[in-house]
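Peer 1: build the 3D model from these lines:
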Amino acid sequence: MKHLRNTELMEKFGTVANYSVLGGMLACSGLIGVYFWKKGQSSPEDTLLGGRSMPVIPITASIIASFLSALTLLGMPAEVYTQGTQYFAILFMLPVICFLTGEVYIPVFHTFQLESSYQYLELRFNHLVRVICGGFYAFAMVPYIAIVVYTPALALEQIVGLNVDISCATMFVVCVFYTSVGGIRAVVWTDCFQLFFMFLSTITILILATVNAGGMSAVFDKNYQDGRIQFFNMELDPRERHTFWGTTIGNGVMWLSVFGVSQTQVQRYLSLPTIADAKRAVKYNFLLTSCLLVMVGWLGLVLYATYSSCDPITAHQVRTKDQVLPLLVLHVAADIPGLPGLFMAGVFSGSLSSVSSGLNSLAAITLKDFIPEQRLSRMNNIQQALLTKIFSAIFGLLGYSMTFLIRFMPGMLEAAMIIGGVINGPIIGVFTAGMLLPWINSCGVLGGFLGSVLISTWIATGGTVYKHHMPYQSLTAPAYPSNISGCPPDWLTDHNQSVVAEPSDLPGHLALYDLSYIWYSTIGASLTIILAMIVTIFTSQDLTKLDRRLLSPCVGRLARWLPGGCGRRM
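Peer 2: Sure, this is the predicted structure:
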C-alpha cells in the first residue's frame, strides 16, 4: 500500500460520490423526523415513550446506536492501535451486565411505568434527591453531546478536509430537527437507519483494510509477535491504564451505569409494552454490541499491522490517535467511488444517534423532574408535548454552543470527560442503594452521593493535572507505536527529531492521582454506597413504611436465603 500524504488524501475525498452518500444519510435522517411529525404526538408519553408500544427490534437497535457513538468508531480502534487489545476484556463482562440490567433495574422501572428514571428516586427517597441527581446528569450530558459531535468533526477536518464548523452545525441542525419534530419514534427509527450505516461502513472497511494488510493471518501474527494481544493482564496495580480487573470490573461498572440506570436507555426500556420485552431487548443489545466491538477491535489490529513501521502520529501526518482510522480509510478506499463517504456517513451516524438520544433524555427529565407538578397539571397533553420539543431544541443549542468552548479552551474537553466519569459512578450508586439496600434512607443516600462526587472530582482533577506533568510509566502495557523507519521520504519532511522532555515534578502529588481513569466510576459508586450506609447509621429508616415494590425483585429472592430474622426484616 502506497502511503500518500494527508494533503493528497484530502483531495481524493472531495468527490461527488462521497458527498452524495454523506448527504443522503443526513437527508434520510431528517425525512424520518418529518414522517413522524406528520403522524403527530398528542401527549408527552407519545413524544418521550412512543406510547409505550414500540417494537423490540427497533428499540434494541436504538440502544446500541445511542451507546456506540462516533467516539467508539474512531476511539476504540485507536485504543487498540496504541494500547493493545486488553480493553476488550469488557466482552467477558457483558453477560454479567446483561443479567444485572434485566434482573435488578428494569423490573423496578417497569413496575411503576415511569417516564423519567429519576422519578424513582423521589418515590424511594425524596424530591431533593431526585432533583439533585437529575441536575448532575443534565450537567454531564450537555458537554458530552458537544464532545460526541466536536471530536469526530475535528478529526475529519484534519484528515478529509471537512470544515469543523460546517460539520458541527450540520449535525446539530439535522439532529435537533428530527428529535424535536418527530419525538422518540423518530429518534428510534433514525437510530435503526444510522446503525445500519455504522455496521455497513465498519464491515466494508474492515474487509478491505484486512485484505490490504495481507489477510487475517498476517494481521494477527504481526500483533501477536509484537505483544499487542492482551486479554489477561492480571496486574493488580490500579495505576495501569488497562488490566483484566480494570476493563472488567472498573469499566463494567461504567457500562452498567449507562445500560442499567441512564435516562437514555431507561427511556427505551419503558417504551416497550412489557418487562419481558425489555429483557429481550437487553439480551439482543449485548449480542449485537459484542459483534460491533469485535469488529472495531479488529480494525485496531489492522491499524497496527498497517502502520507498525510508519506511525502517522510520529510522522506528523495526523495529530491525534483518533485520526489514524480515517487516514487508513482514505489510504485503502480513496479511489473507490463513494466508499470513503460511506465510512464518514457511519461516523456521522454514530454522532447523530448519541446526540439525539441525549437531547430526548434531557427533554424528558426537564419536563418530568424540574417543572413542578402543579404547573404541569395546568397544561394539556398537547402543550406538554410541545414543551418537550422546545426543550430538545434548547439543549441542542446549548450543546452546539459548548463546541466553541471546547475548541478555544482545551481544558474544557478534559473537564467534560472528568464530569462524565465522576458523575455516572455516584448516580448508579444511588440507584443501587435504593433498589438493593432497604435500610438506606434519603439523608444517607444524599450525603453519600454528594460526598462521592466531591471525592471523585478531587481524584480525577488531580489525576488530570499530575498525569500531564508526571505521567505514570506503565510496566505491562505495550509500547506506543513510534517507528517511522518504513515511512516514505515525503512523510518525513516535516518531522524533526526531538528529545523527549523529562517529566517535571509538581508539589502535592499523591499516589491516588495516578489511578487509571477506568476506575473512576467504580470508585464513585462504591463511595456513594459506603458513605450512605455510614450516614444512615446516625439517622433512621422505618422499613415498615417502605413500599416493597421500590426494591428489586432479587432482594426478596436473596432474603429467602438469609437467616430467619434478617430475611423477615427485609
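Peer 1: poorly predicted segments of the stretch 151-300 of the chain, please.
Peer 2: Within the stretch 151-300 of the chain, the set of residues satisfying pLDDT under 70 comprises 158-159.
Peer 1: try 90
Peer 2: The stretch 151-300 of the chain contains residues with pLDDT under 90 at 151-168, 170-171, 176, 178-188, 191, 193-202, 241, 254, 258, 267.
Peer 1: mind listing the strands in it by residue range?
Peer 2: With DSSP state E, counting those that start in this stretch as the criterion, the stretch 151-300 of the chain has no strands.
Peer 1: from residue 476, how far out is residue 234?
Peer 2: Distance, residue 234 to residue 476, by C-beta to C-beta, to the nearest Å: 9 Å. All C-beta atoms are positioned from the backbone trio N, CA, C, and that covers glycine.
Peer 1: joint contacts of those two?
Peer 2: residue 243 (C-beta atoms under 8 Å, 6 or more residues apart in numbering).
Peer 1: who's more crowded, the two?
Peer 2: Counted by other C-beta atoms under 10 Å, residue 234 and residue 476 do not tie: residue 476 has more neighbours, with 15 against 8.
Peer 1: how about the secondary structure of the more buried one?
Peer 2: Three-state call for residue 476 (DSSP: H, G, I helix; E, B strand; the rest coil): coil.
Peer 1: quick one, what contacts it?
Peer 2: Contacts here follow C-beta under 8 Å, 6+ apart; on that basis residue 476 touches 233, 235, 240, 243.
Peer 1: apart from its neighbours in sequence, what residue is nearest the residue most central in space within the chain?
Peer 2: Nearest to the geometric centre of the chain sits residue 67, at 5.0 Å (C-alpha atoms, centre = their mean). Spatial nearest neighbour of residue 67, chain neighbours left out: residue 258 (6.2 Å); criterion: C-beta to C-beta, 6 or more residues apart in numbering.
Peer 1: now swap in residue 189 and tell me
Peer 2: Closest residue to residue 189 apart from its sequence neighbours, by C-beta to C-beta, 6+ apart: residue 32 at 5.5 Å.
Peer 1: try residue 105
Peer 2: Among residues not flanking residue 105 along the chain, residue 260 sits closest, at 4.4 Å (C-beta to C-beta, 6+ apart).
Peer 1: that neighbour against residue 103, yeah?
Peer 2: No: if you go by C-beta atoms under 8 Å, residue 260 and residue 103 don't touch, sitting 10.5 Å apart.
Peer 1: more neighbours: which of these two?
Peer 2: Comparing residue 260 with residue 103 by other C-beta under 10 Å, the one with more neighbours is residue 260, at 26 against 15.
Peer 1: from residue 152, how far out is that one?
Peer 2: Taken as C-beta to C-beta, the span from residue 260 to residue 152 is 27 Å.
Peer 1: check residue 422 too.
Peer 2: Counting by C-beta to C-beta - residue 422 and residue 152 are separated by 24 Å.
Peer 1: returning to that earlier point: what about the residue nearest to residue 189, distance to residue 175?
Peer 2: Using C-beta to C-beta, residue 32 is found at 12 Å from residue 175.
Peer 1: outside of the host helix or strand of residue 66, which residues touch it?
Peer 2: Assigned by DSSP states H and E, residue 66 belongs to helix 56-67. Applying C-beta under 8 Å, 6+ apart, the external contacts of helix 56-67 come out as 187-189, 191-192, 194-195, 198, 258-259, 264-265, 268-269, 271-272, 277, 280-282, 284-285, 288-289, 292, 349-350, 353-354, 356-358.
Peer 1: among these, the buried ones, what's the ChimeraX command?
Peer 2: Buried residues within these, by 16 or more other C-beta atoms under 10 Å, are selected in ChimeraX with:
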select :187,188,189,191,192,194,195,198,258,259,264,265,268,269,271,272,277,280,281,282,284,285,288,289,292,349,350,353,354,356,357,358
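Peer 1: show me what whatever helix or strand residue 454 lives in is packed against.
Peer 2: When elements are assigned from DSSP H and E, residue 454 belongs to helix 442-469. On a contact count with 3 or more C-beta pairs under 8 Å, 6 or more residues apart in numbering; DSSP states H and E, helix 442-469 meets helix 127-160, helix 410-436, helix 520-537.
Peer 1: next one: phi and psi at residue 84?
Peer 2: Note on residue 84: its backbone torsions stand at phi 90, psi -170 [degrees, to the nearest 10].
Peer 1: renumber starting at 38 from here on
Peer 2: Sounds good: first residue 38 from here, last item residue 121.
Peer 1: quick one, what contacts it?
Peer 2: By C-beta under 8 Å, 6+ apart, the contact list for residue 121 reads 260, 264-267, 279, 514-515.
Peer 1: so what's the residue count around residue 137?
Peer 2: Neighbours of residue 137 (other C-beta under 10 Å): 19.
Peer 1: could you find the closest non-adjacent residue to residue 458?
Peer 2: Among residues not flanking residue 458 along the chain, residue 557 sits closest, at 4.1 Å (C-beta to C-beta, 6+ apart).
Peer 1: can you give me the pLDDT of the one you found?
Peer 2: If you check residue 557, the pLDDT there is 91.
Peer 1: what residues are up against it?
Peer 2: Listed by C-beta under 8 Å, 6+ apart, the contact partners of residue 557 are 291, 458-459, 462, 493, 496-497.
Peer 1: can you pick out the most distant pair from those?
Peer 2: Using C-beta to C-beta, the two most remote members of these are 291 and 496, lying 15.0 Å apart.
Peer 1: quick one: residue 266 and residue 123 touch, right?
Peer 2: No: with contacts counted by C-beta under 8 Å, residue 266 stays clear of residue 123, the gap being 9.1 Å.
Peer 1: so what sits against both of those two?
Peer 2: Counting by C-beta under 8 Å, 6+ apart, residue 266 and residue 123 have no contacts in common.
Peer 1: those two: which has the busier surroundings?
Peer 2: When neighbours are counted by other C-beta under 10 Å, residue 266 and residue 123 differ, and residue 123 comes out ahead with 26 against 15.
Peer 1: between residue 69 and residue 212, who's got more neighbours?
Peer 2: A count of neighbours by other C-beta under 10 Å puts residue 212 above the other of residue 69 and residue 212, at 32 against 22.
Peer 1: dump the residue contacts of that one.
Peer 2: The contact partners of residue 212, by C-beta under 8 Å, 6+ apart, come to 66, 389, 392-393, 396, 433.
Peer 1: so which of these wins on neighbours?
Peer 2: Per-residue neighbour counts (other C-beta under 10 Å) across the contacts of residue 212 peak at residue 393, which has 35 neighbours.
Peer 1: and stretch 127-136, how far out from the chain middle?
Peer 2: Stretch 127-136 sits 16 Å away from the centroid of its parent chain (C-alpha atoms, centre = their mean, to the nearest Å).
Peer 1: residue 171 versus the closest residue to residue 172 other than its chain neighbours, what's the distance?
Peer 2: The spatially closest residue to residue 172, leaving aside those adjacent along the chain, is residue 407, at 7.8 Å (C-beta to C-beta, 6+ apart). Here residue 407 is placed at a distance of 7 Å from residue 171 (C-beta to C-beta).
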